[in-house]
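**Student:** Sharing a sequence plus its predicted fold:
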Amino acid sequence: MSADQTPIHDVHTLWLQTMDFLHGNATPVWAEGMRHGAVFLMSPAVAALPRPHDRSAALARDESERLRAAQLFYVSAAAAQVVADTPISCLMQVASLLPSPSGLMVWEEPPARIEGGIPVRAASWGPAYDDGSWWSWWTDTACAVRAGHVSAMMLQTHGGLIFHNETHIAPGMWPAHADDPRLPLYNQAHSLVYTWAALALDILTEAEELPPTPAEGRQMKRAGLARRPVRRLEPASTEKMPTVRRMLLRQLELENIHVEDRPYPRPLPKEVADRHVYLRDRGHSVAVKVPPFGAPQMVPSTGHEIPVLSHFVFAPVKSVLRAGWQLKDDGFLYSQLRYEPNAGLLTDPDDDEF
């Protein structure tokens, strides 16, 4: 095993070390960083606190609460490769994707690297102050020490993981940096979000649960932590790998969108048939992405403004067949239908089929 890989048996230790850091060292370390210009993502209530020490203590407390409730996940190298190789046309909201309300996910192979080639080792998440989602990213301390970026003392103060940065996703919003390679957090956000999606869609499966060792169990008891296992994620077997259509139906089920079992009355091209559904309020429809009409709308994402280049819609089958479509690498069908922000998708009413 290379130095940049993490064995599953390390996950409990990393969790416990990170909890120790948050309880003992995070507040002074982060306060000192703030005094030297380090920028932390904060809720409005935390940002309003007067002193760096108060703000860092609040951040450490919030992160500790999320990790205390975290379920533990381990992404094998094979699972990560399947996520990277499978085009998943994800249409769910973040809340439907989450495998647990709070979690810590550790990758066998790093999903991303930061400056100097230091690997991102793990991600954690939990509820945000506004009922959205709060994500934290953690890099590998030992790799940073070997590269000469930090002193060996960091292993004592931080443990195996160093806090890198955080992301806040407001309720009902989609993390654009999970899909746009131009944005700085793309690699790590894409790996996290689409691992969640692959698990929700049965592309990945929980192959085993690794319990803590007796020594780790005693540490958890002393720290007042629940004694929980690590869930190892692996690719589903070939015979259980879902089809494109099954993935679409599963996402609609998770979003509580009712689909009726009504086949289209005429044969459809396979790419269209895979994405065809009958919706009670729309009739026979196809899941497609369409370009915006006019200049692209600009939306903020992790401190950047990016253009909205497409909108996901359910379009009438007749409209898609007439306009044509193209299957892209992200798994979506794209069609040149007209979409206006105030009016939505514009199609001929005669194209509706109920």
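**Tutor:** Nice, I can see it. Numbering: from 1, shown residues only.
**Student:** Check whether residue 195 really touches residue 233, as I assumed.
**Tutor:** Yes: in this structure residue 195 lies within contact range of residue 233 using C-beta atoms under 8 Å: 7.2 Å. Heads up, the C-betas are built off the backbone N, CA and C, glycines and all.
**Student:** which residues do the two both contact?
**Tutor:** Residues touching both residue 195 and residue 233 (C-beta atoms under 8 Å, 6 or more residues apart in numbering): 75, 79, 204.
**Student:** neighbours around residue 245, how many?
**Tutor:** Residue 245: 14 surrounding residues under other C-beta atoms under 10 Å.
**Student:** and it, that's in a helix?
**Tutor:** Yes: per DSSP: H, G, I helix; E, B strand; the rest coil, residue 245 lies within a helix segment.
**Student:** Chain neighbours aside, what residue packs nearest to it?
**Tutor:** residue 274 (4.8 Å; C-beta to C-beta, 6 or more residues apart in numbering).
**Student:** and that neighbour, how many residues sit next to it?
**Tutor:** Using other C-beta under 10 Å, residue 274 has 20 other residues around it.
**Student:** Residue 247 versus that one, what's the distance?
**Tutor:** 9 Å (C-beta to C-beta, to the nearest Å).
**Student:** Repeat that for residue 340.
**Tutor:** Counting by C-beta to C-beta, the gap from residue 340 to residue 247 is 29 Å.
**Student:** that older thread, give me the subset of the shared contacts of residue 195 and residue 233 lying in helices.
**Tutor:** residue 79 (DSSP state H).
**Student:** closest to residue 158 among the shared contacts of residue 195 and residue 233?
**Tutor:** residue 75 (22.0 Å; C-beta to C-beta).
**Student:** I figured that closest one hits residue 195, correct?
**Tutor:** Yes: with contact defined as C-beta under 8 Å, residue 75 reaches residue 195; the gap is 5.8 Å.
**Student:** joint contacts of those two?
**Tutor:** 83, 105, 233.
**Student:** re the thing from before, which of the shared contacts of residue 195 and residue 233 tops the neighbour count?
**Tutor:** Neighbour-wise, the shared contacts of residue 195 and residue 233 (other C-beta under 10 Å) top out at residue 75, 28 neighbours.
**Student:** and the gap between that residue and residue 21?
**Tutor:** 22 Å.
**Student:** Repeat that for residue 95.
**Tutor:** 29 Å.
**Student:** quick one: which of those two has more around it?
**Tutor:** residue 21 (23 against 16).
**Student:** can you give me the strands in the stretch 151-300 of the chain?
**Tutor:** 161-169, 204-210, 230-235, 259-260, 276-279, 283-290, 298-301 (DSSP state E, counting those that start in this stretch).
**Student:** Of these, which shows the lowest average pLDDT?
**Tutor:** Looking over the strands of the stretch 151-300 of the chain, mean pLDDT reaches its minimum on strand 298-301, with a mean of 52.
**Student:** For residue 340 and residue 247, indicate the residue with more neighbours.
**Tutor:** Neighbours of residue 340 and residue 247, each counted by other C-beta under 10 Å, are more numerous for residue 247; the result is 26 against 12.
**Student:** need the contact list for the more buried one.
**Tutor:** Counting by C-beta under 8 Å, 6+ apart, residue 247 makes contact with 88-89, 201, 203.
**Student:** Would you mind measuring from residue 133 to residue 265?
**Tutor:** Residue 133 is 42 Å from residue 265, by C-beta to C-beta.
**Student:** from memory residue 332 sits against residue 289, does it?
**Tutor:** Yes: with contact defined as C-beta under 8 Å, residue 332 counts as touching residue 289 (4.7 Å).
**Student:** Of the shared contacts of residue 75 and residue 195, just say which sits nearest to residue 27.
**Tutor:** After measuring the shared contacts of residue 75 and residue 195 against residue 27 - C-beta to C-beta - the closest member comes out as residue 105, at 24.9 Å.
**Student:** need the contact list for residue 317.
**Tutor:** 264, 268, 272, 276, 284-286, 351, 353.
**Student:** Reformat these into a markdown table and put distance to residue 209 next to each item.
**Tutor:** Formatted as a markdown table, these follow (distance: C-beta to C-beta, whole Å):
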| residue | distance to residue 209 |
| --- | --- |
| 264 | 42 |
| 268 | 42 |
| 272 | 41 |
| 276 | 38 |
| 284 | 43 |
| 285 | 40 |
| 286 | 40 |
| 351 | 50 |
| 353 | 47 |
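**Student:** Buried among the residues you listed? Make that a ChimeraX selection.
**Tutor:** Remark: buried members of these, expressed as a ChimeraX selection using 16 or more other C-beta atoms under 10 Å:
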select :264,268,272,276,284,285,286,351
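**Student:** And the pLDDT for residue 294?
**Tutor:** 53.
**Student:** Same question for residue 84.
**Tutor:** On the pLDDT scale, residue 84 gets 93.
**Student:** So for the helix or strand encompassing it, what gets flagged as buried?
**Tutor:** Per DSSP states H and E: residue 84 is located in helix 77-85. Buried residues in helix 77-85, counted by 16+ other C-beta under 10 Å: 79-80, 82-83.
**Student:** which intervals of the protein have sub-threshold pLDDT?
**Tutor:** For the chain, the stretches flagged by pLDDT under 70 are 1-3, 292-310.
**Student:** Alpha carbons of the longest helix anywhere in the chain, as PDB, please.
**Tutor:** Secondary structure of the chain per DSSP H: the longest helix is helix 52-68. Extracted in PDB, the C-alpha atoms of helix 52-68 (Å, rounded to 0.1, in the frame of the first residue of the first chain):
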ATOM      1  CA  PRO A  52     -11.300  35.500  17.000                       C
ATOM      2  CA  HIS A  53     -11.300  33.100  20.100                       C
ATOM      3  CA  ASP A  54     -15.100  33.300  20.300                       C
ATOM      4  CA  ARG A  55     -15.500  32.600  16.600                       C
ATOM      5  CA  SER A  56     -13.000  29.700  16.500                       C
ATOM      6  CA  ALA A  57     -14.600  28.200  19.600                       C
ATOM      7  CA  ALA A  58     -18.000  28.300  18.000                       C
ATOM      8  CA  LEU A  59     -16.700  26.800  14.800                       C
ATOM      9  CA  ALA A  60     -15.000  24.000  16.700                       C
ATOM     10  CA  ARG A  61     -18.100  23.300  18.700                       C
ATOM     11  CA  ASP A  62     -20.300  23.100  15.600                       C
ATOM     12  CA  GLU A  63     -17.900  20.800  13.800                       C
ATOM     13  CA  SER A  64     -17.600  18.600  16.900                       C
ATOM     14  CA  GLU A  65     -21.400  18.300  17.100                       C
ATOM     15  CA  ARG A  66     -21.500  17.200  13.400                       C
ATOM     16  CA  LEU A  67     -18.700  14.700  13.900                       C
ATOM     17  CA  ARG A  68     -20.100  13.300  17.200                       C
END
